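Participant: What shape does this take:
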Amino acid sequence: MLGLMQSQQLLISTLIDFAERHHGEGEIVSRRVEGDIHRTNYKEIAVRSRQVANALDNLKLAFSDRVATLAWNGYRHLELYFGVSGSGRVLHTLN
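Facilitator: Next up, the predicted model:
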């Protein structure tokens, strides 16, 4: 059975790392509130998510602190999802 086990824990932070490593150029398409179409990829989402996590660290938010968001379901919310949850904080979506 050891051959069927994962070599790492299944964490939100490892999900975006996997997507960046194996599907970095995979396109993510969303419509912005302004009405236009926004195109990005998993590599850019991973970079921006790490920036979100670093910003929360700089704000001295502790592990397991709660962060509320009010955002449309688009690329910005995806960045927040991986940045907040992936850094060990709790994401509470208000929308």
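Participant: what ranges do the helices span in the protein?
Facilitator: Per DSSP state H, the chain carries helices over the ranges 12-23, 42-58, 75-80, 86.
Participant: got a markdown table for those helices, with distance to residue 29 too?
Facilitator: To be clear about C-beta, it is placed using only N, CA and C from the backbone, and glycine gets the same treatment. Putting the helices of the chain into a markdown table (distance: least, CB to CB, whole Å) gives the following:
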| stretch | distance to residue 29 |
| --- | --- |
| helix 12-23 | 14 |
| helix 42-58 | 12 |
| helix 75-80 | 9 |
| helix 86 | 22 |
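Participant: Minimum distance to residue 30: which of the ones you listed has it?
Facilitator: helix 75-80 (4.8 Å; CB to CB).
Participant: now the chain, which segments are flagged as low pLDDT?
Facilitator: Applying pLDDT under 70 to the chain flags the ranges 1-4.
Participant: Quote the end-to-end distance of stretch 64-76.
Facilitator: 21 Å (CA to CA, to the nearest Å).
Participant: buried sites along that stretch?
Facilitator: 67, 71, 74-76 (16 or more other CB atoms under 10 Å).
Participant: The helices of the chain: which one's closest to residue 31?
Facilitator: helix 75-80 (9.8 Å).
Participant: Look up how far residue 91 lies from the residue sitting nearest the centre point of the chain.
Facilitator: Nearest to the mean C-alpha position of the chain, by CA atoms, centre = their mean, lies residue 82 at 1.8 Å. Distance, residue 82 to residue 91, by CB to CB, to the nearest Å: 9 Å.
Participant: Fine, thanks again, bye for now.
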